[in-house]
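Peer 1: need coordinates for the following:
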Amino acid sequence: MSTSASIAQALSGIRTRIAASAREAGRDPSSVGLVAVSKFHPQSSVIAALEAGQRLFGENRVQEAAAKFPPLRERFPDLKLHIIGGLQTNKALEAVKIADMIESLDRPALSDALERAADKAGRLPQLLVQVNTGDESQKSGVRLEEADAFITDSMTRFGPAVRGLMCIPPHDADPTPHFRTLAGMAARHGLPVVSMGMSADFEAAIACGATLVRVGSAIFGARPAHT
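Peer 2: A predicted model of the protein is given here:
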């Protein structure tokens with residue numbers, strides 16, 4: 001089977017599972033969006049997914065995203081790009097220029113950088129606050145005890161551009177309590193977007209209220225070797 005055919009088949013399977021999980025949770029399947037995480041995969045794989053009807057993609061590295069996605073927008077004008085990895089402040093301007101959404105707002109220094117970048121670029125992508133639900137020192141995201149205050153400050157600063165919350169639970173823990181925590185926090189702040197769940201656990205995330213799930217390897221296969 002060609003790579004294009006395998007990606008199309010994988011996307012179809014993931015969409016079927018998303019719809020089934022949503023219905024099982026008593027939700028409309030259309031309330032759950034699929035972010036196809038294409039980090040480290042070539043532009044040809046992105047094109048295969050686009051040709052199979054996928055329009056929403058996630059990338060961790062701004063430079064990689066900038067190389068892959070802007071050239072595709074002319075052919076696929078409804079393409080949407082999310083930056084989902086920890087974002088360095090010196091990459092804020094490039095991220096603001098190319099992204100439709102930045103899912104990793106997690107600290108005041110990044111808020112400052114994004115505000116400056118938005119002024120310079122004349123546009124501000126939608127934003128999600130990334131919450132470090134496991135309080136893991138090595139992971140991006142605002143600490144749980146500081147999250148409510150940071151979310152409130154971000155909503156005051158950026159207004160309706162702040163759309164919701166994102167988390168990545170600890171890989172060795174039951175993700176469900178983390179998903180419930182994030183969904184509850186989003187509801188408390190009146191935020192509609194809850195980005196949580198990846199290839200291994202997106203069905204549990206949907207049961208807990210995810211509105212975006214981020215799936216990479218289950219669509220594109222194992223990540224290619226990278227530097």
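Peer 1: tell me the phi and psi of the closest residue to L114 other than its chain neighbours?
Peer 2: Once flanking residues are discounted, L114 sits nearest to A92: 5.2 Å by CB to CB, 6 or more residues apart in numbering. In this view, the C-beta of every residue, glycine as well, is placed from N, C-alpha and C. Dihedral angles phi and psi of A92 (degrees, to the nearest 10) take the values phi -60, psi -40.
Peer 1: which pLDDT value goes with A92?
Peer 2: At A92, the pLDDT value in this model is 98.
Peer 1: let me see the contact set for it.
Peer 2: Shown in contact with A92 (CB atoms under 8 Å, 6 or more residues apart in numbering): L110, A113, L114, R116, A117.
Peer 1: any buried residues in stretch 111-124, and which?
Peer 2: Using 16 or more other CB atoms under 10 Å as the burial criterion, the residues of stretch 111-124 that qualify are S111, A113, L114, A117, A118, A121, L124.
Peer 1: of those, which is the nearest to D78?
Peer 2: Lowest distance from D78 to the buried residues of stretch 111-124 (CB to CB) belongs to L124, with 19.9 Å.
Peer 1: of the buried residues of stretch 111-124, which pair is most distant in space?
Peer 2: S111 and A121 (15.5 Å).
Peer 1: right, and S4 touches E51 too?
Peer 2: Yes - contact status for S4 versus E51: in contact at 6.9 Å, counting by CB atoms under 8 Å.
Peer 1: hang on, the earlier thing: show me the buried residues of stretch 111-124 that map onto helices.
Peer 2: Where the buried residues of stretch 111-124 overlap with helices, as defined by DSSP state H, the overlap consists of S111, A113, L114, A117, A118, A121.
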